[in-house]
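S.K.: Only the shape, not the letters, is given here:
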């Protein structure tokens with residue numbers, strides 16, 4: 001995206017004159033204008049519940065008892081920080097990030113966007129705590145490192161998004177493209193690889209293959225048709241661990257392919273001297289591979305890239321779900337920073353960023369202290385936290401954030417409070 005620096009300067013001056021950024025320097029006003037442009041372009045949602053919570057806390061702050069034991073009096077945001085880590089730095093419960101945002105509502109308009117160089121100050125008075133924000137100072141009185149210098153001449157440049165992420169993006173970014181939940185029959189009706197060059201059994205990155213679509217949706221080279229595809233195999237049924245109902249089908253991700261030539265028809269001479277139309281498959285190049293591919297594997301269009309930014313928060317409604325499966329066929333028990341599937345999705349109000357507590361099923365034991373032995377079940381104990389990052393209708397992928405013991409299929413997930 002190209003932005004005109006002179007227009008940005010005028011925008012910052014307008015913001016400052018309007019009082020919307022009251023108390024901020026011209027440089028800070030400009031930075032806020034830039035943030036506003038970027039936030040608008042990426043259009044991260046702020047839910048009504050988040051805003052209501054933030055507005056409530058902005059008026060009164062939060063009780064001192066809700067602060068983390070070693071919450072610092074001030075902190076300068078650094079490159080490499082995450083919203084999850086900063087929230088946990090100030091609050092006992094990192095998923096209460098909307099409240100941390102609310103404590104500084106006048107200066108942090110969008111909880112998805114905190115930038116390196118911003119400095120947070122913790123005010124404690126009358127048993128309540130609030131955050132205020134200031135610009136970080138450079139060494140020996142130098143200008144803040146994030147200051148944008150504006151000259152009178154017009155310049156154009158691409159503005160990179162420098163806001164800090166909720167989590168380390170390397171933990172979940174690969175999974176935004178890899179696993180996919182499909183309805184029954186979707187993969188079976190998708191375009192398929194039908195042949196390889198030189199009769200190879202398996203193909204991988206750098207190889208060429210041939211594919212066919214369906215009569216209703218052929219693989220054609222057209223401007224309004226997809227050219228980039230993901231390759232999948234073996235749609236595995238995911239069942240609810242309690243009801244055993246099929247909630248969806250998880251397709252095994254193999255890699256990516258690009259359409260080189262669309263499929264067509266060609267007239268081929270027959271023995272009687274006539275011609276017969278014969279299908280010519282589309283040509284695809286394998287551009288990346290996680291596993292080797294073969295004939296019969298299916299193609300799904302590459303979806304738009306998802307922006308990796310979430311606000312960790314507790315669901316607004318009651319959630320009682322369970323772990324359905326672990327991502328990766330060789331995984332029996334999931335640990336920290338691994339991916340699981342839960343049996344709750346958008347139909348249940350689940351959204352990206354929702355944090356849930358993981359409960360370990362209480363063990364069944366025999367009480368022999370009474371008049372006669374009695375089978376009892378110990379209470380379920382909290383085992384850790386997970387955060388949803390990719391919800392589907394009835395299922396969601398979630399990252400395990402904290403864990404005490406291994407997570408297994410059937411473990412319950414509930415609201416964290």
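M.R.: Noted; the coordinates are in hand. Computed from a predicted structure; not experimentally measured.

S.K.: Make sure residue 349 is actually in contact with residue 321.
M.R.: No - in terms of CB atoms under 8 Å, residue 349 does not count as a neighbour of residue 321; the distance is 11.2 Å. Every C-beta, even on glycine, is put in place using the N, C-alpha and C of the backbone.

S.K.: more neighbours, these two?
M.R.: Shown here are residue 349 and residue 321; by other CB atoms under 10 Å, residue 321 has more neighbours (22 against 14).

S.K.: Report the contact partners of that one.
M.R.: Going by CB atoms under 8 Å, 6 or more residues apart in numbering, residue 321 touches 342, 343, 344, 348, 356, 412, 413, 414.

S.K.: Next one: it from residue 183, what distance?
M.R.: For residue 321, the distance to residue 183 equals 20 Å [CB to CB, to the nearest Å].

S.K.: Also residue 368?
M.R.: 51 Å.

S.K.: what's the answer for residue 226, then?
M.R.: Counting by CB to CB - residue 226 and residue 183 are separated by 19 Å.

S.K.: Then residue 337?
M.R.: Separation of residue 337 from residue 183 (CB to CB): 30 Å.

S.K.: Next: residue 289.
M.R.: Distance, residue 289 to residue 183, by CB to CB: 26 Å.

S.K.: More neighbours: the two, which one.
M.R.: residue 289 (18 against 12).

S.K.: Which residue, other than its chain neighbours, is closest to the more buried one?
M.R.: Spatial nearest neighbour of residue 289, chain neighbours left out: residue 255 (3.6 Å); criterion: CB to CB, 6 or more residues apart in numbering.

S.K.: can you tell me which residues contact that neighbour?
M.R.: 204, 205, 230, 231, 286, 287, 288, 289, 290, 291, 293 are the contacts of residue 255 under CB under 8 Å, 6+ apart.

S.K.: List only buried entries from those.
M.R.: For the contacts of residue 255, a burial check counting by 16 or more other CB atoms under 10 Å picks out 230, 231, 286, 289, 293.

S.K.: Please flag which of those residues sit within strands.
M.R.: 230, 231, 286, 289 (DSSP state E).

S.K.: I'd like to know which of the residues you listed is nearest to residue 297.
M.R.: residue 231 (5.3 Å; CB to CB).

S.K.: The closest one is in contact with residue 295, isn't it?
M.R.: No - using CB under 8 Å, residue 231 is not in contact with residue 295, being 11.6 Å away.

S.K.: any shared contact partners between the two?
M.R.: Counting by CB under 8 Å, 6+ apart, the residues touching both residue 231 and residue 295 are residue 193.

S.K.: can you give me the strands in the stretch 251-400 of the chain?
M.R.: 264-269, 275-280, 282-289, 298-301, 320-326, 339-342, 355-360, 364-367, 374-377, 381-391, 396-403 (DSSP state E, counting those that start in this stretch).

S.K.: Out of the ones you listed, which gets nearest to residue 188?
M.R.: Per CB to CB, nearest to residue 188 of the strands of the stretch 251-400 of the chain: strand 298-301, 7.8 Å.

S.K.: any weak-confidence spans in the stretch 51-200 of the chain?
M.R.: 51-61, 97-113, 134-177, 179 (pLDDT under 70).
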